[in-house]
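Chemist: quick one: sequence plus predicted model below, questions after.
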Amino acid sequence: MTTKTHVTRYRKQDVDGITVFYREAGDPAKPKLLLLHGFPSASHQYARLIEELKDDFHIVAPDHPGSGHSDAPDRPYTFDFLADTVEKFLRAIGFTGFTMYVFDFGAPVGFRVATRNPEWVKGLIVQNGNAYEDGLSDLAWGFIRNRDPRAARDLLALEYTKFGYLEGTRDPETISPDTWTLDQHHLDLRPQPQVDLFLDYHSNVAQYPRWQAYLREHRPPTLITWGKGDPFFLEPGAKAYLRDLPDAQLHLLDTGHFALEEDLAVIAPLIREFVPKA
């Protein structure tokens, strides 16, 4: 008997005049998996994970406004704006009742959506995305406290984009240069949204207590997969979740910030085992 294989489709959805690009794959009858990307990337960072999981789940992975192939309207960018747009996008396509995978910038977007709509979230997968001050490195505090647009713009240089992919990895030669090259292409085309978001990152730290209260109250089943070589979000940030989610599964991986680049073969089976329980 031939196994049915699902294709990935590349779609667009209008949200209040903003075109949101997203990848969708899998059978709508299967468990729903929402993938929220981080900086400086877009939904393309999940392309290999989608290919690995598309026969097991119904997957949606949007590009945030100002990232990837979504529109970049000329306006101030904040994490509230990203979360507002993602929330409206999910309503527009009728995608609720999902397990949510959050990474880096995707964590503050996802936690805002979750605190507003806790009934939507059936499970949570956290990969190098902080909701606690524990584990914020000196590098992270540097951009959190930064209020200088010129300094924020400097962080969009190729050397920093490449650093984010390679630092803390086991074997840098296994990380494709296509990753940081593609991210840099989008950064160079549209830098201002990312500059604005760097300058707004402090708003996320201010919301940490609210997100922690959500975790304590709603206790979503949670899987934590964390690259412990991450130069921005250190190992204590992963362990901090256990204070409010003592039943969470925690897996510390010997890799860097973009853990999927080296450990897709570890993370994908963990997701398959976890999601039906969520």
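Modeler: Now that the structure is in, tell me what you want to look at.
Chemist: got a list of what Ile18 touches?
Modeler: 65, 70-71, 73, 85 (C-beta atoms under 8 Å, 6 or more residues apart in numbering). From N, CA and C alone the C-beta is placed, and that goes for glycine too.
Chemist: now do the helices in the stretch 151-278 of the chain.
Modeler: Using DSSP state H, counting those that start in this stretch, the helices assigned to the stretch 151-278 of the chain run over residues 158-166, 177-189, 192-200, 202-218, 235-239, 241-244, 259-274.
Chemist: partners of Thr8 in the sheet?
Modeler: Ala25 (DSSP bridges).
Chemist: make 97 the first number, not 1, from now on.
Modeler: Renumbered: residue one is now 97, and that last one reads Thr104.
Chemist: is it correct that it is in contact with Ile146?
Modeler: Yes. If you go by C-beta atoms under 8 Å, Thr104 and Ile146 touch, sitting 5.7 Å apart.
Chemist: overlap of the contact sets of these two?
Modeler: Joint contacts of Thr104 and Ile146 (C-beta under 8 Å, 6+ apart) are 119, 121.
Chemist: closest to Ile155 out of the helices of the stretch 247-374 of the chain?
Modeler: helix 355-370 (10.5 Å; C-beta to C-beta).
Chemist: next, the angle helix 273-285 makes with that closest one.
Modeler: When axes from the mean of the first three to the mean of the last three C-alpha atoms, to 10 degrees is applied, the directions of helix 355-370 and helix 273-285 differ by 110 degrees.
Chemist: quick check: buried residues in stretch 284-303?
Modeler: Neighbour counts using 16 or more other C-beta atoms under 10 Å place 287-297, 300-301, 303 of stretch 284-303 among the buried residues.
Chemist: kindly report the same for stretch 245-259.
Modeler: Result for stretch 245-259 [16+ other C-beta under 10 Å]: buried residues 248, 251-252, 257-259.
Chemist: distance to Leu356, neighbour count and secondary structure for the contacts of Ile114 - can I get that in CSV?
Modeler: Conversion of the contacts of Ile114 to CSV gives the following (distance: C-beta to C-beta, whole Å; neighbours: other C-beta atoms under 10 Å; DSSP: H, G, I helix; E, B strand; the rest coil):
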residue, distance to Leu356, neighbour count, secondary structure
Pro161, 23, 24, coil
Ser166, 21, 24, coil
Asp167, 26, 17, coil
Pro169, 29, 15, coil
Thr181, 24, 22, helix
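Chemist: could these be laid out in JSON lines, adding pLDDT and distance to Arg241?
Modeler: Below are the contacts of Ile114 laid out as JSON lines (pLDDT from 0 to 100; distance: C-beta to C-beta, whole Å):
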{"residue": "Pro161", "pLDDT": "98", "distance to Arg241": "25"}
{"residue": "Ser166", "pLDDT": "98", "distance to Arg241": "29"}
{"residue": "Asp167", "pLDDT": "98", "distance to Arg241": "30"}
{"residue": "Pro169", "pLDDT": "97", "distance to Arg241": "28"}
{"residue": "Thr181", "pLDDT": "98", "distance to Arg241": "26"}
